[in-house]
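Chemist: coords please:
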Amino acid sequence: MRRIEPYFPLSHGIPRVDDRRIVSGIIFVIRNGLRWRDAPAGYGPHKTIYYRFIRWSHLGVFNRIFAELAAKGGKPNQLMIDATHLKAHRTAGSLLKKGALPRRIGRTKGGLNSKLHAVCDSKDRPLIMLLSEGQMSDYKGAALMIDAFPKAKALLADRGYDAAWFRHALAERGITACIPSKANRKAPIPHDTALYRQRHRIENMFGKLKDWRRMATRYDKPARNFLSTVSLAAAVAFWL
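Modeler: The predicted model follows:
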């Protein structure tokens, strides 16, 4: 709590319910995939837990906690990038509802889902995360994140990221690309096969994140609320 309290908004007027208890209740619900009404009574009224999560999600509190903790993790030696699909529950799958903010839910062969693009370091710790529609390709997600890449010696990725522009952008940043060539590339580009064996670490990271059941299955309609769920799960699982 001492590490994340500085990112909480200040209390105005009537003192709010204990932050430690409410945040613990939010984490319990997200980790176990419960409905908000099923939160144990020891964490307080479930409406208080729910409204605190919604209000702080709108303020970007949980995203800021993750970003600040990840930024203090030190300079990474290697980067790894990949993406994973997150199934959208029927309560979040209304694609036709209009609104000012996009839902970030798309339709693929697997149904309605979102896609989480992530960059992690060699210790499986996520550094950058991006939520998109499920049909967005891997390299398009990389294009949206590349400006935020920290300095590193090498980047590991599967052949879904084998694009000339991506390799060129990494070279401009002094990052060596360790990416297998696609089968249709006429002149395959060699890569360090021994180094590439470490790419399983980002798959391990996704596996740990999906242990948080409300992250593995998306129940929240607004993208900002679901991204807060992802950010809080990543901060607690890897950075606290």
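Chemist: ok, which stretches of the protein are strands?
Modeler: Assigned by DSSP state E, the chain shows strands spanning 78-88, 106-108, 111-121, 126-133, 154-156, 176-178, 217-218.
Chemist: from the middle of its chain, how far away would the last one be?
Modeler: If you compare the mean C-alpha spot of strand 217-218 with that of the full chain, they lie 13 Å apart, counting by Cα atoms, centre = their mean, to the nearest Å.
Chemist: what lines up beside it in the sheet?
Modeler: Using DSSP bridges, the strands paired with strand 217-218 are strand 78-88 (parallel).
Chemist: contacting residues for the residue positioned nearest the centre of the chain?
Modeler: The centroid of the chain falls nearest to Met129 when counting by Cα atoms, centre = their mean (4.0 Å). Residues near Met129 by Cβ atoms under 8 Å, 6 or more residues apart in numbering: 66, 116-119, 227, 230-231, 234. Placement of C-beta: from N, CA and C, glycine included.
Chemist: got any ranges where this structure has weak pLDDT?
Modeler: Within the chain, the ranges that satisfy pLDDT under 70 run 93-101.
Chemist: Name the surrounding residues that touch stretch 21-33.
Modeler: With Cβ under 8 Å, 6+ apart, stretch 21-33 has contacts from 1, 4, 34-36, 38-40, 43-44, 46, 48-49, 52-53, 211-217, 229, 232-233, 236.
Chemist: Can I have the buried ones of these as a PyMOL selection?
Modeler: Buried members of the contacts of stretch 21-33 can be picked out in PyMOL with the line below, counting by 16 or more other Cβ atoms under 10 Å:
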select buried, resi 4+34+36+39+43+44+46+48+49+52+53+212+214+215+216+229+232+233+236
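Chemist: So which of the contacts of stretch 21-33 belong to helices?
Modeler: 46, 48-49, 52-53, 213-216, 229, 232-233 (DSSP state H).
Chemist: Among those residues, which pair sits farthest apart?
Modeler: Greatest spacing in these, by Cβ to Cβ: Thr48 and Ala216 (25.6 Å).
Chemist: Tabulate the ones in helices among the contacts of stretch 21-33 (CSV), appending distance to Arg185.
Modeler: Listed next are the ones in helices among the contacts of stretch 21-33 as CSV, based on distance: Cβ to Cβ, whole Å:
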residue, distance to Arg185
His46, 54
Thr48, 56
Ile49, 51
Arg52, 51
Phe53, 46
Arg213, 40
Arg214, 40
Met215, 35
Ala216, 34
Thr229, 38
Leu232, 40
Ala233, 37
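Chemist: just the residues you listed now: which is nearest Ser181?
Modeler: Using Cβ to Cβ, Ala216 comes nearest to Ser181 of the ones in helices among the contacts of stretch 21-33, at 32.0 Å.
Chemist: May I ask you to confirm that the closest one is in contact with Lys210?
Modeler: Yes - between Ala216 and Lys210 there is a contact under Cβ atoms under 8 Å: 4.0 Å.
Chemist: Any figure for the gap between Gly110 and Phe8?
Modeler: 37 Å (Cβ to Cβ, to the nearest Å).
Chemist: higher neighbour count, those two?
Modeler: Taking neighbours as other Cβ atoms under 10 Å, Gly110 and Phe8 compare with Phe8 leading, 16 against 9.
Chemist: What residues does the spatially closest residue to the more buried one that is not a sequence neighbour make contact with?
Modeler: In space, and not counting its chain neighbours, Phe8 is closest to Asp19: 6.0 Å by Cβ to Cβ, 6 or more residues apart in numbering. By Cβ under 8 Å, 6+ apart, the contact list for Asp19 reads 1, 5, 8.
Chemist: again with Leu59
Modeler: Residues in contact with Leu59 (Cβ under 8 Å, 6+ apart) are Pro9.
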